[in-house]
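J.: Have a look at this prediction, sequence included:
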Amino acid sequence: MSYLSLSNITKQFGDTVVVDDFSLDVEKGEFVSFLGPSGCGKTTTLRMVAGFEMPTAGRITLDGADITEKAPNQRNVGMIFQSYALFPNMTVAQNIGFGLGVRKEPKEMISQRVEEMISLINLENHANKYPYQLSGGQQQRVSLARALAIHPQVLLLDEPLSALDAKIRVSLRAEIRAIQKKLGITAIFVTHDQEEALSISDRIVVMNAGLMEQVGTPFEIYNFPQTQFVANFVGSLNTANAEVSDPVKGLLNVDGVQFITASDIKSRKKGDAIRVSVRPERFSFAFEEKKENVLDCTIENITFLGSVVRIQVKIGEAKFNMDTFNNPFLDLPKIGSKEQVTCSREAVLVLDE
Amino acid sequence: MSFLSRLRRVPFWSWIWFLVGALYFILPLFATFEFSLTWDPAIPFKAYQRSFADNKFWETFIYSNVLAVATIIFSIVLIVPTAYWIRLRLPQARRIVEFITLMPFVVPAIILVFGLIRIYSTPFSIPFTDIVFMQPLTNFKAGTNILIVSGYMVLAMPYMYRSVDTGMRTVDIRTLTEAAQSLGANWFVIISRVILPNIRSALLSGALLTFAIVVGEVTLASFLGVNAFGPYLFLLGQHRAYEPAALSFFSFLLTWLAMGLIQLVSGGQGQAAGAH
Ligand SMILES: Nc1ncnc2c1ncn2[C@@H]1O[C@H](COP(=O)(O)OP(=O)(O)OP(=O)(O)O)[C@@H](O)[C@H]1O
Ligand SMILES: [Mg+2]
């Protein structure tokens, strides 16, 4: 049995189902992210693990014990909030020591642990400051230390980086991940930022409208999205309607242009309508000898995005984005010119309905 | 952080408005003070000497202060958890509770006191029997004290509730509560160590207003027949000219001094709560 397990969790507020039959097993020391758009139920699911909400149905077990009905202060769970939630009347050291004080740990033990935590988050010179004297990034690190001080069994983070500016967000997420690995602590991290989820997680749970869309490693989620929603939400993506023309050979007809796919479509019939997706970076100009998916196209638009250049091409009647890495010697085609682009058959993904 | 550097952070216009407000309160007070000195040009503080020499003054003044402290303590015990629970779990009850707390503005104190007397001057008996298990509250001293403190709690409720509620709005009570809960804190710890310290300045202003109301209150005190400072001052005012002015000024000064002391004692780190 896995360390933390949510089985068939459903949560309703009145008649609205906010989380629907959610099941997840998390191993000890694993870092799992909940990724999804606003309102999809990420926070609600996290709050059920923390004990702030009670599931309408389903069980939650932690290290073999059923905690579904336990009060939040009886669970040994660390929680990090977007708004830091530090106690304004306490210093950094007092904040970090709060949980241990509540547990009536001996004084020396508390001050030793507080010191340990302060050096873990590199705030040695700030121990006696009040939260309002710290920057947002520092405050969030204190809140991390405060949660970790009590040796929680699970660390829950609800969009902990959303209130910070871009630079700090990237450095702090690396710091969080490093600390989590070092301590081997089990963590659930809620975010609606796909880059964040992809960079930090062992596994990602993509959620949509209370439902689990796909669970997998960042690599799987990005490269093999199983549903239209995941494909769209994670990374930028081309999707197009297609018609099966030969299920055995994997031939598809996309708006009059023939594509070949490596996805298994043997269960489909000739003439079936399906949806396919291709990541923009999987396309390239067909300079070398290529045998498959060499497609005539017209250049529609070119956009600089910093390190990549996004080229919009029209293949038959369908429009696709193609990304190539930027470099000063890049020889870009003219808008309106006719070119050939290509992608491998593995790049053409068939999405579930 | 030093007091001065904290002062410097307050913007210019805040100071202007503060001064305007302060003048509004201080001018009448100053006029009273000046009048109290004019009794005998040879002995400027004659009115004060006379007043302080009167035992009845000390008796009633101390008694009223004790009543005020009791009212403040019981009000906090009643109102802090109530306002907290409404913010946390029962936001839909806010309108009703706000309406209830406004009642003292709608129902005059005289009606309140007649209601209290009417209800609590009859013995408590088990319904439909003659078995009396408690004498009327108005018949013994402790009972009267309970009645008057309860009455004052009602009068102070609008101020106390509003101060506390506003104080809770400025800190994110709900998230702080959840943070404390996840760290293992129970309700008692949360209220005493997280909520109360963070609404300290709100409590203080609520307490100050309650103090001001109770120490000068006349209606409830005279109809319940207690020897409070309000009726004493009232009586004095009907017969004397200078002493009441002196005493009003003195009681004001004392109240403000007490509040300043509380602020000083509880201050210091308390500033952390407001600064964000
Ligand atoms: N206490 C509540 N009562 C009623 N509805 C609620 C309550 N809490 C959340 N909801 C609803 O549940 C849905 C999911 O909310 P939740 O906070 O879990 O979303 P989320 O995925 O965390 O979104 P975000 O990214 O915006 O934080 C929303 O539609 C929200 O309106
Ligand atoms: Mg959320």
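T.: Arrived safely. Ligands and ions are numbered 1, 2, ... in the order given.

J.: how about stretch A:168-180: buried residues?
T.: A:168-169, A:172-173, A:175-177, A:179-180 (16 or more other CB atoms under 10 Å in any protein chain shown). (Glycine included, C-beta is placed from N, CA and C.)

J.: Could you provide those residues in a markdown table, with additional columns for pLDDT?
T.: Output for the buried residues of stretch A:168-180, formatted as a markdown table (pLDDT from 0 to 100):
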| residue | pLDDT |
| --- | --- |
| A:168 | 89 |
| A:169 | 90 |
| A:172 | 92 |
| A:173 | 91 |
| A:175 | 92 |
| A:176 | 93 |
| A:177 | 93 |
| A:179 | 93 |
| A:180 | 94 |
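
J.: Mind jotting down where the strands sit in the stretch 51-200 of chain A?
T.: A:57-62, A:65-66, A:77-80, A:154-158, A:186-191 (DSSP state E, counting those that start in this stretch).

J.: what do you get for chain B?
T.: Assignment of strands within chain B using DSSP state E yields the ranges B:124-125, B:132-134.

J.: winner for burial among those strands?
T.: strand B:124-125 (a mean of 12; mean count of other CB atoms under 10 Å in any protein chain shown).

J.: outside of that strand, which residues touch it?
T.: Applying CB atoms under 8 Å, 6 or more residues apart in numbering or on different chains, the contact partners of strand B:124-125 are B:131-136.

J.: ditto for stretch A:261-268
T.: A:244, A:247-248, A:250, A:252, A:274, A:276, A:344-346, A:348-350.

J.: Report the mean confidence score over it.
T.: If you average the pLDDT over stretch A:261-268, you get 86.

J.: From the chain's centroid, how far away is it?
T.: 28 Å (CA atoms, centre = their mean, to the nearest Å).

J.: do stretch A:235-254 as well
T.: Its chain's average C-alpha position is 27 Å from that of stretch A:235-254, according to CA atoms, centre = their mean.

J.: buried sites along it?
T.: A:235, A:237-240, A:242-245, A:247, A:250-254.

J.: Now do it: everything it contacts.
T.: A:194, A:222, A:225, A:228, A:231-232, A:255, A:258-263, A:265-280, A:315-316, A:318-321, A:345, A:348, A:351.

J.: Can you tell me which of these end up in helices?
T.: A:194, A:222, A:228, A:231-232 (DSSP state H).

J.: that older thread, so which of the buried residues of stretch A:168-180 belong to helices?
T.: A:168-169, A:172-173, A:175-177, A:179-180.

J.: Of the residues you listed, which is the nearest to ligand 1?
T.: The shortest gap between ligand 1 and any of those belongs to residue A:169, at 15.6 Å (CB to the nearest ligand atom).

J.: got the contact list for the closest one?
T.: Residues near residue A:169 by CB under 8 Å, 6+ apart: A:161, A:196.

J.: mind giving me the domain split of chain A?
T.: Per automatic domain parsing, the structural domains of chain A span A:4-232, A:236-347.

J.: Of the ones you listed, which is nearest ligand 1?
T.: Nearest of these (CB to the nearest ligand atom): domain A:4-232, 3.0 Å.

J.: Great, nothing more from me.
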